[in-house]
Structures are given as C-alpha cells and as structure tokens.
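Participant: need coordinates for the following:
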Amino acid sequence: MKKIIYLLIAAGLLNGCSNAGKDLAEPVPAEETPAETAESAEDAALPLAENQSTKRATMDENPKAYYLLELERIDLALTKLENSYNNGSTAALKAGEAESLRRWDKALNEIYGVLKTQLTPEEMEDLRLKQLDWIALRDQRAAEAAAEFADGTLESVAQLSKARELTKERCFFLANTYLKEEAG
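Facilitator: Presented below is the predicted three-dimensional model:
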C-alpha cells in the first residue's frame with residue numbers, strides 16, 4: 001500500500017481550480033509566464049495510465065483518504081510551481097498565483113461534487129449556505145489583502161494569493177469535516 005501511495009505522490013496528479021479567480025486573474029502575455037509553465041507542470045505530473053485503475057479503486061473504497069492524498073499531492077506540485085515563479089517578474093507571480101488558485105478551486109469543486117452524493121439533502125442545503133457565506137468571506141478577505149497594495153504592482157498578486165490560501169484551507173476543511181470514508 002505504501003508503494004502505491006508513494007507512486008501516486010510521485011506521479012503528482014494535479015487537480016486545479018476552475019471557477020474562483022476567473023474574475024481575479026487577467027491574461028498574462030506568454031513571454032511573461034513563469035519558466036515552468038502551468039501546462040508543462042500539470043502535464044509532467046499526470047499519472048501513468050496503468051495507475052489510473054489503482055487510483056479509482058482507492059477513491060471508490062475511501063473517498064476521504066483519496067481526497068486528502070490528492071490535496072497533499074496538489075500542495076506538493078504547487079510548491080514546485082511556486083519555486084519556479086517566486087524569483088520572476090510580477091507578471092510571473094500573478095500567473096503562478098492564478099494557476100494555483102485555479103487548481104485549488106477545481107479540487108474544492110470536486111470535493112463538493114462528492115459531498116452531493118454523500119450528504120442528505122438537508123445536510124447538503126446547510127453546506128450550500130455555508131459555502132455561499134464562505135465565498136463572500138473569501139472574496140472580502142482577498143479584497144482586503146489587495147487593498148494593502150492599492151495601486152501597486154502587487155495588488156492583484158496579493159488578491160490572488162489570499163484567495164488561493166483560503167481556497168486551499170477550505171479544501172482541507174471540507175475533506176476533513178464532511179467527506180465520509182465509505183463511498184456514497
């Protein structure tokens with residue numbers, strides 16, 4: 001089992017963020033993206049086809065453990081991506097933060113989708129309302145972070161960074177608090 005876990009971590013299957021940050025991120029010209037582009041980092045971390053059946057079985061057996069492992073893998077892969085853009089230009093920082101936010105939001109949406117199959121309709125409605133409150137809080141805190149750099153070159157980077165940080169935290173919170181160990 002440890003070999004499978006290490007293999008999955010080494011493969012670094014990346015999930016990303018799909019919705020949060022689309023309104024926060026602006027397109028960055030190709031010549032200003034980090035040296036290791038988001039696409040190449042994501043492609044390099046995709047698992048081998050032979051590992052996908054193992055991955056699927058793990059999720060079917062224990063969704064909570066699967067997603068906690070996936071979140072750790074995303075974090076590891078994004079740490080490597082962060083190292084590639086941290087010493088770059090502001091545009092590279094912005095592109096890297098936008099990509100990180102995209103991946104965390106995608107993971108959040110996947111977990112939310114699994115929760116729809118695991119929770120009762122009443123529990124899901126309660127979670128939906130909590131999510132709406134959390135989204136408003138996340139956006140407010142991201143705006144506050146941006147305000148610290150108002151009209152500066154790092155304003156948008158700060159906004160994306162705070163949104164990414166809070167989305168990552170929310171992924172782990174939902175996985176630890178709501179996901180069940182048995183499939184729904």
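
Participant: switch to C-alpha atoms for all contacts and neighbour counts from now on
Facilitator: Will do.

Participant: packing partners of the helix ranked longest in the chain?
Facilitator: When the chain is parsed with DSSP state H, its longest helix is helix 90-118. Applying 3 or more CA pairs under 8 Å, 6 or more residues apart in numbering; DSSP states H and E, we find helix 90-118 packed against helix 63-85, helix 155-177.

Participant: average pLDDT for the first one?
Facilitator: Which is helix 63-85. Mean per-residue pLDDT for helix 63-85: 90.

Participant: stretch 169-179 too?
Facilitator: Confidence for stretch 169-179, expressed as mean pLDDT, is 97.

Participant: and the contacts of it?
Facilitator: For stretch 169-179, contacts defined as CA atoms under 8 Å, 6 or more residues apart in numbering pick out 63-64, 67-68, 71, 104, 107-108, 111-112, 114-115, 118.

Participant: how near is the residue lying closest to residue 82 once chain neighbours are set aside to residue 164?
Facilitator: Nearest residue to residue 82, sequence neighbours excluded (CA to CA, 6 or more residues apart in numbering): residue 96, at 6.6 Å. Using CA to CA, to the nearest Å, one gets 11 Å for the distance from residue 96 to residue 164.

Participant: OK, contacts around the nearest residue to residue 65 once chain neighbours are set aside?
Facilitator: Ranked by CA to CA, 6+ apart and with sequence neighbours excluded, the top spatial neighbour of residue 65 is residue 181, at 6.8 Å. For residue 181, the contact set (CA under 8 Å, 6+ apart) comprises 61, 62, 63, 64, 65.

Participant: rerun that using 6 Å as the cut-off
Facilitator: Contacts here follow CA atoms under 6 Å, 6 or more residues apart in numbering; on that basis residue 181 touches 62, 63, 64.

Participant: need the residues you listed in CSV (columns: neighbour count and distance to residue 135).
Facilitator: Converted to CSV, these look like this (neighbours: other CA atoms under 10 Å; distance: CA to CA, whole Å):
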residue, neighbour count, distance to residue 135
62, 16, 28
63, 24, 24
64, 24, 23
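
Participant: out of the residues you listed, which comes closest to residue 156?
Facilitator: Minimum distance to residue 156 across these is 33.6 Å, recorded for residue 64 (CA to CA).

Participant: list the contacts of the closest one.
Facilitator: Contacts of residue 64 were listed using CA under 6 Å, 6+ apart, and they are 179, 180, 181.

Participant: returning to what we had before: just flag the most distant two among the contacts of stretch 169-179.
Facilitator: 104 and 118 (21.0 Å).

Participant: ok, those two, which is more surrounded?
Facilitator: Each of residue 104 and residue 118 has its neighbours counted (other CA atoms under 10 Å); residue 104 has more, 31 against 19.

Participant: please tell me how far the more buried one sits from residue 174.
Facilitator: 12 Å.

Participant: now residue 150
Facilitator: Counting by CA to CA, the separation of residue 150 from residue 174 is 32 Å.
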